[in-house]
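In: sequence first, predicted model second:
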Amino acid sequence: MTIQPPLKSARPAHSSPRTKRRDGSSAPTHRLGHLVAALLLTGCASAPPVPTAPPPDANQVALGATRASELDVPYRLFFEWSVVEPGSRLSGRGVARIEPPYRARLDLFSSNGERIAAAALDGGTLRVAEDRQTEVPPPALFWGTLGVFRPGTGVALMGGRRFPNGDIELRYQQADATELLYRLRANRIERIDLRRGGRAREEVALTRVEGERFPRRATYRHLDDVRELSITLESIEHAESYPTDIWDPAL
């Protein structure tokens with residue numbers, strides 16, 4: 001039996017790979033690797049830290065949001081609406097009449113013209129017609145569906161925070177210990193959450209088009225009652241000053 005001698009290695013197992021120097025001699029490549037690694041580590045160590053955005057000045061943000069949504073003239077808004085709640089679904093058309101500084105009336109009609117609900121806001125006072133067949137949001141969320149930033153009186157601004165995308169959240173506390181969380185983008189409302197007992201109970205979410213004063217779509221959800229009211233804007237008209245009795249939803 002013939003035993004083959006072991007193959008000779010091209011270089012000892014413990015030797016390091018070598019590269020050619022300019023003078024024709026060779027240098028171990030592991031030294032070059034160590035040098036590159038050291039340069040990389042030095043570069044990483046000297047890189048400046050990524051700046052973090054400072055917390056927002058909540059009062060200034062609130063002032064900016066108020067100014068951005070101020071009503072300049074009376075308007076009349078026409079829209080489609082739908083309400084979905086356990087066991088029923090309603091839809092139709094509606095009209096919102098709004099007037100500076102803070103007056104608004106909302107009327108919802110069924111597809112056959114029957115009035116489903118009527119409500120009016122005069123500042124922070126909400127009046128609702130007794131014959132309503134569906135609920136309307138509380139004042140701060142009511143204004144929110146129109147894109148108007150108005151937390152109301154008797155609330156305390158508790159602070160704010162900035163999100164990585166630049167959105168800002170303002171947190172208010174009402175007298176009954178409920179919280180209002182406004183999420184703003186460029187001083188415009190994106191959503192509102194009403195929290196009670198540590199969790200969201202009601203919310204408003206808006207869909208906007210850049211450059212337009214009013215939201216293209218507003219969705220109000222009552223999470224406890226599993227009810228959703230959606231409003232989709234159809235058209236806008238400038239209006240003359242409204243008669244004072246229009247702010248009585250019973251009329």
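Out: Yep, that arrived. Numbers count the residues shown, from 1 in each chain.
In: which non-adjacent residue is nearest G94?
Out: Spatial nearest neighbour of G94, chain neighbours left out: L108 (4.4 Å); criterion: CB to CB, 6 or more residues apart in numbering. Yep, even glycine has a C-beta here, placed from its N, CA and C like the rest.
In: what's opposite that neighbour in the beta bridge?
Out: Here L108 sits in beta bridges with G94, A117, as judged by DSSP bridges.
In: next, count neighbours for it.
Out: Residue neighbour count, defined by other CB atoms under 10 Å, stands at 27 for L108.
In: what's the answer for the one 4 residues further on, then?
Out: Taking other CB under 10 Å as the criterion, the count of residues near N112 is 6.
In: still on that earlier bit, how far away is the residue nearest to G94 from R67?
Out: For L108, the distance to R67 (CB to CB, to the nearest Å) stands at 30 Å.
In: now the strands: where do they sit in this structure?
Out: Counting by DSSP state E, the segments of the chain that form strands are 18-20, 26-28, 75-85, 88-99, 103-110, 115-122, 125-128, 156-162, 168-173, 179-185, 188-196, 199-207, 217-222, 227-238.
In: for the last one, which positions count as buried?
Out: Burial within strand 227-238, assessed by neighbour count using 16 or more other CB atoms under 10 Å, is assigned to R227, E228, L229, S230, I231, L233.
In: any stretches of the protein with poor pLDDT?
Out: 1-53, 132-133 (pLDDT under 70).
In: residues contacting the most centrally placed residue in it?
Out: For the chain, the residue whose C-alpha lies nearest the mean C-alpha position (CA atoms, centre = their mean) is E190; its distance is 3.7 Å. The neighbours of E190, taking CB atoms under 8 Å, 6 or more residues apart in numbering as the test, are D167, R183, L184, A205, L206, R208.
In: same thing with S241?
Out: For S241, the contacting residues are P74, E99, taking CB under 8 Å, 6+ apart as the criterion.
In: how near is it to I98?
Out: With distances taken as CB to CB, S241 is found 12 Å from I98.
In: hmm, back to that, just the buried ones from the contacts of E190?
Out: The neighbour-count test (16+ other CB under 10 Å) applied to these identifies R183, L184, A205, L206, R208 as buried.
In: surely the first one touches R191?
Out: Yes - with contact defined as CB atoms under 8 Å, R183 and R191 form a contacting pair (4.8 Å).
In: neighbours of the nearest residue to V61 once chain neighbours are set aside, how many?
Out: In space, and not counting its chain neighbours, V61 is closest to I168: 5.4 Å by CB to CB, 6+ apart. By the other CB under 10 Å criterion, the neighbourhood of I168 contains 24 residues.
In: sounds good, over and out.
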